[in-house]
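**Q** Next come a sequence and a model predicted from it.
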Amino acid sequence: MDRSPGVSPAELFTPNIRAAIDRIIPADRWPAGWAGGVSDYVSVAGQELEWVHPALSWLDSALDAAACADEGTSFATLSWQQQDAILRSFETAKDPAAAHFAALRRICWEGFYASSAHRGAAAQHTPIGLEMVGFRAVPDGVTPVEPEPVAGIRPDHVRRGYDVIVIGSGPGGGAAAETLARAGKSVLLVERGLRLPNSALRGDHLHGKRNAVYAPSAGPGAGHPRLAQLRDGEDRVIDGTGDASLYGLNAMVFGGGTRLWQGMSWRFLPDDFAMASAFGNPDGASLADWPLDYDELEPYYTRAEWELGVSGTEGSLTSRTPRSAGYPMPPMPTEPARELLGEAADALGWGWGPIPLAINSVPHDGRPGCVRCPQCVGHACPVNAKNGSNNTFIPRAVATGNCEVLFDAEVIDVRDGARSAGVTIMAATSTNPVELSLMAEVVVVSAGAVETPRLLLASGIGNDQLGRHLHDHRYVTMLGTTDVAVKSFVGPGHSVATLDHVHGDSIPWGGGVIVDLMSLLPLSSASSPAMLGVPLWGADHKEWMRNGRQRAFGVFGMGQEIPMASSRVTLANDLRDRWGRPAAALRKDVHWASLEVEAGMARVGAQWLEAAGARDVRRQHGEATASAAGEHSCGTARMGSNPATSATDRWGRVHGAKRVIVCDSSLHPSNGSVNPALTIVANALRVSEHLAQNWPTGS
């Protein structure tokens, strides 16, 4: 069989393969796999499916060989019972049969259960499997709202000099840009992502940043390689065009991670700011106290909640974080998982409450309330109710008249000096990229915990601590089965949490927050059923997708990761990006204390599920990502007073530099036991306010 890139779906998906697809997803009152979506999918997916060509070729021949041995005919002409028997033999055989059959199942799930968009396709692929399971990307009666795009500046309109150049439009860069623009400073905000509409960043279950199995729509795209330095000694080159879980889960779009997040907006607990004082440093760890405490950051937490827009309530989840004001919006409405786990928490004597979310629970700031779509996490909002730097800080910064935004442009060099600073930018135009050399009084670097140290190191700025102490969070998923349906396709996602196991007695090393597991996308459920005993294909699998999946329920633990100086971002020796600049090399070591945090979260997570009546409770185990870059990466430009143990001072100024300030998660000496975005915003408000009030002058 021809397996060249130009081979047509009709040649690859022979009668035998189509027959096998229709046994993997057989017809009942709903269509079989081929007619139900797989046919349309393979016709538009094109080159992305070249990986499966060898498997299809092998299976076509092997299916006929098996059929001929039994009946002297082709597989496609056998009865469905005979076809199933052959497929079961492939499923349990050794490779390559089992591996190739698994590849075919994957194509079935992608074609029947995943909404997706493909280059050159006239319309988005929306298979009937989504309707079958009750998944509606936009709830009935809701008309999507596309927000007015933030105006950008053309490269040929960029001035030669600004008071401040901010690199990156995520929560740190956005908050800094608004603060400085309001202080009367001229600001250029540089974002390497495209100015994509929300419609281009939602509803694609194969290319979304959180669930990408092919090139992610949220970037960064080709020409941005990274070198993963694995613990087994292997060096693996990963480009930004494949599985996001390998490259790093941070969204590289306008608004950064806040464009596609669910919006969990927690404050760190007071103890999180003094981890070294609380626990010391077990062998190999590099814990450090923050150079500030909770009380200093509290006014900025309040500002962050109001200026970003957070829905929440005071109660058990806020009892250890004193507040100067309440939340600007009430919490999101309740749902079955919250009720079930709330009752269980009461029985256990645990505190619990609705998760604070940067989502409009009611109309707010001129935008509507949440419509509870089922794909909030990893996707842009259909009605612009999700709050991020893209629709709060940055539009307000631009509205001052003091801030300009340059899209599709990458800073490749930062310069520091006694009297001025500057950057070199490669900016896209309608023809070829142009190089811009700009001056500034200050450069604020807010490119994230990987790209910030990479850029500074490549620019010759920073000390030996820059890039070290890369860490994230530890994660645990506990699964079980309930007697009643708990998680339907109603958003926004995680709903209820307990903080009783953060800096408590039940989990060592600061512990972690436990939340309900959000409803999974249909593709995830089909590929990895979250219940025991579910067949991997066939009529029973299809029936489970319709009626059993809703009883699969779990909780999710997110806890302290103990930093290590050996976990770091450095520059790759022989790997360059599209501009010829050194790529980031990532090394991630896991401390034994972090594994104790995981074990503790698994233990209390199981306890919560069992108290809620769940059966078959177990821990989900998956492969560790090759990359060290998670969604919550931090610590690579940690703040401190001593250059021997920190990369920046308490105000984000890089040690040894005069006019270069870091303003993102890189500054965090430790990462707490909750999502860090609200802390990034609060600290960015503190750092940028200090900068505006203490502007560098002269030499």
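**A** Structure received. Residues are numbered from 1 along each chain as shown.

**Q** need the helix or strand of this protein with the lowest average pLDDT.
**A** Sorted by mean pLDDT, DSSP states H and E, the helices and strands of the chain end with helix 244-247, the least confident at a mean of 70.

**Q** Off-centre distance for the longest strand along the chain?
**A** Counting residues, the longest strand found in the chain (DSSP state E) is strand 434-445. From the chain centre to the centre of strand 434-445 is a distance of 29 Å (C-alpha atoms, centre = their mean, to the nearest Å).

**Q** ok, now stretch 141-155?
**A** The answer for stretch 141-155 is 22 Å, by C-alpha atoms, centre = their mean.

**Q** and stretch 680-688, what's its mean pLDDT?
**A** Mean pLDDT, computed over stretch 680-688, is 98.

**Q** can you list contacts of that stretch?
**A** Outside of stretch 680-688, the residues within contact range by C-beta atoms under 8 Å, 6 or more residues apart in numbering are 170-173, 175-176, 179-180, 267, 292, 296-297, 300-301, 303-304, 307-308, 444, 446, 651-652, 661, 663-665, 667-668. From N, CA and C alone the C-beta is placed, and that goes for glycine too.

**Q** quick one on the thing from earlier: which residues sit against the following helix or strand past the least confident helix or strand of the chain?
**A** Sequence order places helix 275-279 as the next helix or strand after helix 244-247, per DSSP states H and E. The contact list for helix 275-279 (C-beta under 8 Å, 6+ apart) reads Asp271, Leu287, Ala288, Asp289, His503, Trp509, Gly510, Gln560, Pro669, Ser670.

**Q** Against Asn642, how distant is the third one?
**A** Spelled out, it's Ala288. 9 Å (C-beta to C-beta, to the nearest Å).

**Q** Looking only at neighbour counts, state which of those two leads.
**A** Applying other C-beta atoms under 10 Å to Ala288 and Asn642 shows that Ala288 carries more neighbours, namely 22 against 11.

**Q** and the more buried one, how far is that from Arg320?
**A** 22 Å.

**Q** what's the answer for Thr570, then?
**A** For Thr570, the distance to Arg320 - C-beta to C-beta - is 37 Å.

**Q** which of the two has more neighbours?
**A** Thr570 (18 against 15).

**Q** any idea which element that one lies in?
**A** strand 568-576.

**Q** Give me the buried positions along that strand.
**A** Arg568, Val569, Thr570, Leu571, Ala572 (16 or more other C-beta atoms under 10 Å).

**Q** cool, and stretch 112-124?
**A** Here stretch 112-124 shows Phe112, Tyr113, Ala114, Ser115, Ser116, Ala117, His118 as buried, counting by 16+ other C-beta under 10 Å.

**Q** so who does the second one touch?
**A** With contact taken as C-beta under 8 Å, 6+ apart, Tyr113 is in contact with Gly37, Pro127, Gly129, Leu130, Val133, His205, Pro522, Leu523, Ser525, Ala526, Met545.

**Q** which one of the residues you listed sits closest to Pro453?
**A** His205 (32.6 Å; C-beta to C-beta).

**Q** And His591, how far from His621?
**A** Using C-beta to C-beta, one gets 19 Å for the distance from His591 to His621.

**Q** Looking at those two now, which is surrounded by more residues?
**A** His591 (23 against 8).

**Q** That one contacts Ile562, correct?
**A** Yes. Between His591 and Ile562 there is a contact at 4.2 Å, judged by C-beta atoms under 8 Å.

**Q** Touching both of these two, which residues are there?
**A** With C-beta under 8 Å, 6+ apart, His591 and Ile562 have common neighbours Pro282, Ala285.

**Q** how about the strands in the stretch 451-600 of the chain?
**A** When secondary structure is read from DSSP state E, counting those that start in this stretch, the stretch 451-600 of the chain shows strands at 473-481, 496-498, 512-516, 552-560, 568-576, 582-587.

**Q** among those strands, which is nearest Pro331?
**A** strand 496-498 (10.1 Å).

**Q** Show me where the stretch 151-300 of the chain dips below the pLDDT cut-off.
**A** Scanning the stretch 151-300 of the chain with the threshold set as pLDDT under 70 gives 243-246.

**Q** now the strands: where do they sit in it?
**A** Taking DSSP E, counting those that start in this stretch, the strands of the stretch 151-300 of the chain run over residues 161-167, 187-190, 221-229, 235-240.

**Q** Let me have those in JSON lines, extended by mean neighbour count and distance to Val687.
**A** Formatted as JSON lines, the strands of the stretch 151-300 of the chain follow (neighbours: other C-beta atoms under 10 Å; distance: least, C-beta to C-beta, whole Å):
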{"stretch": "strand 161-167", "mean neighbour count": "25", "distance to Val687": "12"}
{"stretch": "strand 187-190", "mean neighbour count": "28", "distance to Val687": "15"}
{"stretch": "strand 221-229", "mean neighbour count": "19", "distance to Val687": "27"}
{"stretch": "strand 235-240", "mean neighbour count": "16", "distance to Val687": "28"}
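
**Q** Now that we have those strands, can you turn them into a markdown table and tack on distance to Arg210?
**A** Listed next are the strands of the stretch 151-300 of the chain as a markdown table, based on distance: least, C-beta to C-beta, whole Å:
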| stretch | distance to Arg210 |
| --- | --- |
| strand 161-167 | 24 |
| strand 187-190 | 25 |
| strand 221-229 | 17 |
| strand 235-240 | 15 |
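
**Q** Looking at those, spot the one closest to Gly388.
**A** strand 187-190 (14.3 Å).

**Q** Ramachandran angles for the residue in the chain sticking out farthest from the centre?
**A** Checked against the mean C-alpha position of the chain, the extreme residue using C-alpha atoms, centre = their mean is Gly72, at a distance of 51.5 Å. The phi/psi pair for Gly72 (degrees, to the nearest 10) reads phi 70, psi 30.

**Q** shouldn't Cys381 be in contact with Gly203?
**A** No. The criterion here is C-beta under 8 Å, and Cys381 misses it with Gly203 at 11.4 Å.

**Q** And these two? Which one has more around it.
**A** Cys381 (30 against 23).

**Q** Would you confirm that Ser389 contacts Gly174?
**A** Yes. Counting by C-beta under 8 Å, Ser389 touches Gly174, with 2.7 Å between them.

**Q** so what sits against both of these two?
**A** By C-beta under 8 Å, 6+ apart, the residues touching both Ser389 and Gly174 are Gly255, Gly256, Thr258.

**Q** Buried subset of these as a PyMOL selection?
**A** Buried residues within the shared contacts of Ser389 and Gly174, by 16+ other C-beta under 10 Å, are selected in PyMOL with:
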select buried, resi 255+256+258
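
**Q** which one of the shared contacts of Ser389 and Gly174 is nearest Arg231?
**A** Closest to Arg231, out of all of the shared contacts of Ser389 and Gly174 and judged by C-beta to C-beta, is Gly256, at 28.6 Å.

**Q** what's the closest non-adjacent residue to the closest one?
**A** Nearest residue to Gly256 in three dimensions, chain neighbours excluded: Gly170, at 2.4 Å (C-beta to C-beta, 6 or more residues apart in numbering).

**Q** next one: Glu298
**A** Ser324 is the one closest to Glu298 (C-beta to C-beta, 6+ apart), at 6.2 Å.

**Q** wouldn't the one you found be in contact with Thr302 here?
**A** Yes. Between Ser324 and Thr302 there is a contact under C-beta under 8 Å: 5.0 Å.

**Q** Looking at those two, which one has more neighbours?
**A** Thr302 (18 against 9).

**Q** can I assume that one sits in a helix?
**A** Yes. If the criterion is DSSP: H, G, I helix; E, B strand; the rest coil, then Thr302 is within a helix.

**Q** What segments of the stretch 101-250 of the chain are helices?
**A** 128-133, 171-182, 244-247 (DSSP state H, counting those that start in this stretch).
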